[in-house]
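Undergrad: Generate a structure from the sequence data that follows.
(3 chains)
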Amino acid sequence: MLKKCNLVLYDPYKGRLKKPRSNGLTMIIDKGMGLNELRDLIDMASEFIDFIKFSFGTSFIYPEKILLKKINIIKDADIDVYPGGTLFEVAVEQGRMADYFKSVKELGFTAVEISDGTLHINKKIRNKAIKMALAAGFKVLSEVGKKDRDNSLSLEDMQALIKNDLNMGVYKVIVEGRESGKDISIYKKNGALDQNMLKGIIDEVEGKVEKIIWEAPLKKQQLIFLKMFGPNANFGNIHPYDIVAIEALRRGFRGDTFNYYLKEKTAGV
Amino acid sequence: MLKKCNLVLYDPYKGRLKKPRSNGLTMIIDKGMGLNELRDLIDMASEFIDFIKFSFGTSFIYPEKILLKKINIIKDADIDVYPGGTLFEVAVEQGRMADYFKSVKELGFTAVEISDGTLHINKKIRNKAIKMALAAGFKVLSEVGKKDRDNSLSLEDMQALIKNDLNMGVYKVIVEGRESGKDISIYKKNGALDQNMLKGIIDEVEGKVEKIIWEAPLKKQQLIFLKMFGPNANFGNIHPYDIVAIEALRRGFRGDTFNYYLKEKTAGV
Amino acid sequence: MLKKCNLVLYDPYKGRLKKPRSNGLTMIIDKGMGLNELRDLIDMASEFIDFIKFSFGTSFIYPEKILLKKINIIKDADIDVYPGGTLFEVAVEQGRMADYFKSVKELGFTAVEISDGTLHINKKIRNKAIKMALAAGFKVLSEVGKKDRDNSLSLEDMQALIKNDLNMGVYKVIVEGRESGKDISIYKKNGALDQNMLKGIIDEVEGKVEKIIWEAPLKKQQLIFLKMFGPNANFGNIHPYDIVAIEALRRGFRGDTFNYYLKEKTAGV
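TA: Below is the predicted model:
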């Protein structure tokens, strides 16, 4: 990337894909970036970002002028942009699913998220939503997992939903991790991975892990996926201020993955 | 708020007040926003912000040029701005209370905070300070609570101070929570609320909870107050990057409050 | 600093040095600031910042245009700028040490960090690197400490490296704390200081603590050093959004150090 003043090094952790790519995706969670901050991010890191999500219902909170500007800045950088799944669930609960997709389209969003993290949504409505969103021309992401531990899905439930959504034609399935990455879905209280659930999900997609986006806000989680899947794991809920760091992590330019590369090399892998 | 491309939804958690309001206030803690960052925040979220506090003694640390610009950007957006209580305490300790109020006025601050979080200040001086600040035309906030757990106030002490300050005519009383929201005042080590202290404070104000601003930096704390008081609880020490998220939380556009709304609805409340 | 509207107070915690200084240094860890954000920081806080480090290998990740602009904005404010030690280690591992220093110089960096936080680097190569960097005109910082607890240095190892590096002529030795300040080098799992290691390091430099930069990202860590060494301790890995707060902390304008000043005063110190 450096031309004039070439830092003549290569990536320790090789094979990071360039855009456009359908694996190695990074989805940013935007909880309320201002316009200058967003422009800063795009100027610096548009190559590293595939999706920006306006988290939960924040799309409905912004002044319209700001919302439209944010959407356009992101689209102009060839990054997909979509409102958080909670807004979709509010629309379903209010009986306005079709209106929701229509206005989200008019606002300029390029993708939508179909989720049931809070609301109970039966499979018929879920599938209708996916069909409607696909027909409207959205890049459709579905999310699997509940936002409340007291109401969590079993592995079998998650597997069934993943299978269903991929059969319906969604672009990727997001595995819920919330913003904290703790005590939710595949994560234990301290943020450690539930290896059994993880294995079950990987088995379900028959090793095609590129179909899954892992919400993995914590570095220790990202590291596990990078060791398992290489530099092109798909990550969701990455905070904007972590985007350069995570790209460095992917490519082996951070202690954690550089160390992993060294151990593999020593072991003659 | 969306006109052209109306997202035809309503607030799940109804009744959020618009500005100007005297309840449902949000006070932002500014630990050192730069000018562009501050302008970003104002453009995006001025409707959601009632007070910006330049935390502890940071007002004294900025270059004067920056300080004056920050104050003016905030005032122009009809948001009150004031220096943290620690700066007031430093002035008292140095015997310069009158000079402090005078220069704070000249700098353009619209409010002040009277506190004794670190310094021991007797009631006579406290009341003199409140009188002096009111006479100078400030919106006067007082704070109750010590910054050091080894030196914390009993419920009875807090109640007496709240009663005193409201009788003296302060606009609101802030209940100390620091920036961390942990192991201080009404918060336990893990950030959980001390229900006994909370109840005692609510009793003291005879249910007029709009007189209290709760420093509540953690989402789980905000959620408790929103469930107890509705969407218009008064919050202090909210981080700038959380402002859109907290407004979404107030109005039910986040999983946590959307879920609470659903449960109330199911229960037929 | 305030001229027109003088807040006529003095620093509770006296003696903070102004720039240029060789003690009381603050090194900022930049994980990916955008250009506006960086300009904001510089406008507001250039007097408080001595070094900005582009953390780990992020220098290699940025688009070249952004990298060059960032370097120039920082240099123009008389702040030293350097790439994280991990990038140096990658260069050594790839057998490109000389090329690394050459291109880092061409890019405009003013300082370099010699470290072995991840890679095993023997003393001969370490000393060759220090010599080469000094000869190239860099301000040379060396770092002592491993990034991985399973592979940590004993106090004796740390002392030997500190002695070696100072004899070799480095400007300062950085004691590793990572970004988290936990479970690494001189820090225990909860971020508390290992007093034995701390004392051993201070003994090794015969009380000349100004030769050491302590990576101390947590406030409770900064507080310990400020109590031990006064307002001019050298701090590393300070997050950009904490820079005004830490300057306030140094000078006694925050509850924690204001409280310490009051206790010292009461004790007649």
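
Undergrad: C-alpha from now on. contacts and neighbour counts both.
TA: OK.

Undergrad: three-state assignment of the residue positioned nearest the centre of chain A?
TA: Against the mean C-alpha coordinate of chain A, by C-alpha atoms, centre = their mean, the closest residue is A:Gly236 at 2.7 Å. The three-state label given to A:Gly236 by DSSP: H, G, I helix; E, B strand; the rest coil is strand.

Undergrad: mind checking pLDDT for A:Phe48?
TA: Looking at A:Phe48, its pLDDT is 98.

Undergrad: Oh, that last question was meant for A:Ile184, not what I typed.
TA: Note on A:Ile184: pLDDT of 87.

Undergrad: Identify the residues contacting it.
TA: A:146-149, A:152, A:176-178 (C-alpha atoms under 8 Å, 6 or more residues apart in numbering or on different chains).

Undergrad: Ignoring the adjacent residues along the chain, who's closest to the residue nearest to the centre of chain A?
TA: Closest residue to A:Gly236 apart from its sequence neighbours, by C-alpha to C-alpha, 6 or more residues apart in numbering or on different chains: A:Glu215 at 4.0 Å.

Undergrad: Angles on the backbone of the one you found, please.
TA: Per-residue torsions, A:Glu215: phi -70, psi 110 (degrees, to the nearest 10).

Undergrad: and the gap between it and A:Phe225?
TA: 11 Å (C-alpha to C-alpha, to the nearest Å).

Undergrad: Tell me who's in contact with A:Lys128.
TA: Applying C-alpha under 8 Å, 6+ apart, no residues qualify as near A:Lys128.

Undergrad: Quickly find the element holding it.
TA: helix A:123-135 (DSSP states H and E).

Undergrad: Figure out how far that helix is from the centre of its chain.
TA: On the basis of C-alpha atoms, centre = their mean, to the nearest Å, helix A:123-135 sits 20 Å off its chain's mean C-alpha point.

Undergrad: mind saving the C-alpha coords of that helix as CSV?
TA: Below are the C-alpha coordinates for helix A:123-135, written out as CSV (Å, rounded to 0.1, in the frame of the first residue of the first chain):
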residue,chain,number,x,y,z
LYS,A,123,-41.0,-18.7,10.9
LYS,A,124,-43.8,-17.8,8.5
ILE,A,125,-43.3,-14.1,9.2
ARG,A,126,-39.5,-14.4,9.2
ASN,A,127,-39.6,-16.0,5.8
LYS,A,128,-42.0,-13.5,4.5
ALA,A,129,-39.7,-10.7,5.7
ILE,A,130,-36.7,-12.3,4.0
LYS,A,131,-38.7,-12.7,0.7
MET,A,132,-40.0,-9.1,0.8
ALA,A,133,-36.5,-7.7,1.5
LEU,A,134,-34.9,-9.7,-1.3
ALA,A,135,-37.6,-8.6,-3.7
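
Undergrad: so A:Glu176 makes contact with A:Glu215?
TA: Yes - contact between A:Glu176 and A:Glu215 holds when scored by C-alpha atoms under 8 Å: they sit 5.8 Å apart.

Undergrad: what about these two, which has more around it?
TA: More crowded of A:Glu176 and A:Glu215, by other C-alpha atoms under 10 Å in any protein chain shown: A:Glu215, with 27 against 24.

Undergrad: and A:Gly207, how far is that from A:Phe60?
TA: 37 Å.

Undergrad: out of these two, which sits in the busier spot?
TA: A count of neighbours by other C-alpha under 10 Å puts A:Phe60 above the other of A:Gly207 and A:Phe60, at 22 against 11.

Undergrad: Name the SS class of A:Gly137, please.
TA: coil.

Undergrad: now do A:Val112
TA: strand.

Undergrad: Please work out how many residues are found near it.
TA: 25.

Undergrad: tell me which residues form a beta bridge with it?
TA: Beta bridges link A:Val112 to A:Val140 when assigned by DSSP bridges.

Undergrad: what residues are up against it?
TA: Contacts of A:Val112 (C-alpha under 8 Å, 6+ apart): A:82-85, A:133, A:138-141.

Undergrad: cutoff 10 Å now
TA: Shown in contact with A:Val112 (C-alpha atoms under 10 Å, 6 or more residues apart in numbering or on different chains): A:53, A:80-85, A:88, A:101, A:104-105, A:130, A:133-134, A:138-142.

Undergrad: Same question for A:Thr86.
TA: A:55-58, A:92, A:113-119, B:252-255, B:258.

Undergrad: and what of A:Ile174?
TA: Per C-alpha under 10 Å, 6+ apart, neighbours of A:Ile174: A:113-115, A:141-145, A:162, A:211-215, A:234-236.

Undergrad: One more pass at 8 Å, please.
TA: A:141-144, A:212-215, A:236.

Undergrad: all strands of chain A, in order?
TA: Along chain A, counting by DSSP state E, strands occupy A:26-30, A:51-54, A:80-83, A:111-114, A:139-144, A:172-175, A:212-215, A:235-238.

Undergrad: Of the ones you listed, which is nearest A:Ile202?
TA: Judged by C-alpha to C-alpha, the one of those that comes nearest to A:Ile202 is strand A:212-215, at 8.8 Å.

Undergrad: For the residue lying closest to A:Gly15 once chain neighbours are set aside, the count of nearby residues, please.
TA: Take A:Gly15 and drop its neighbours on the chain: the residue closest to it by C-alpha to C-alpha, 6+ apart is A:Pro231, 6.7 Å away. Using other C-alpha under 10 Å, A:Pro231 has 24 neighbouring residues.
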